[in-house]
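J.: sharing a sequence plus its predicted fold:
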Amino acid sequence: MITVTICVGSSCSVRGSDEFADALEREIEKRGLGDRIRLVGAFCMEQCSKGISVKVDDQQYREVHFLEAASFFEREILPRLNREESS
Ligand code: FES
């Protein structure tokens, strides 16, 4: 199970973290991966000037753009799922 944590604090919300979360959720549903990926919201991750702040398990990402949810999913989440599957 992979946990994706998305900051929904005010600075990240202004930058579109809700839209980013919705788009990631659609990617997860589209691929039927709801039992392998958990999406959670978090309040400020103390990187406000560098939001949107996102964590995939323990790895932190900054300056994620809300329009790049699909590419973020393919680049940062899918490979992790594949590694998890093969271990
Ligand atoms: S509001 Fe997202 S890091 Fe502070």
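T.: Looks like it came in fine.

J.: the residue of the chain found nearest the ligand: neighbour count?
T.: Relative to the ligand, the nearest point of the chain is residue 9 (2.6 Å; Cβ to the nearest ligand atom). From N, CA and C alone the C-beta is placed, and that goes for glycine too. Each residue near residue 9 was counted by other Cβ atoms under 10 Å, and the total is 19.

J.: phi, psi of it?
T.: Here the main-chain torsion angles of residue 9 (degrees, to the nearest 10) amount to phi -70, psi 170.

J.: what are the ranges of the helices in the chain?
T.: For the chain, helices defined by DSSP state H occupy the ranges 10-14, 17-30, 69-72, 78-86.

J.: excluding chain neighbours, what is closest to residue 16?
T.: Excluding its sequence neighbours, the residue lying closest to residue 16 (Cβ to Cβ, 6 or more residues apart in numbering) is residue 66, at 2.9 Å.

J.: so who does that neighbour touch?
T.: Taking Cβ atoms under 8 Å, 6 or more residues apart in numbering as the definition of contact, the neighbours of residue 66 are 15, 16, 17, 19, 20, 23, 52.

J.: OK, contacts around the second one?
T.: By Cβ under 8 Å, 6+ apart, the contact list for residue 16 reads 52, 65, 66, 67.

J.: so which of the residues you listed wins on neighbours?
T.: Within the contacts of residue 16, residue 52 tops the neighbour count with 30 neighbours, counted by other Cβ under 10 Å.

J.: ok, which residues in the protein are in contact with the ligand?
T.: 7, 9, 10, 11, 12, 44, 45, 46, 47, 48, 51, 53 (Cβ under 6 Å from any ligand atom).
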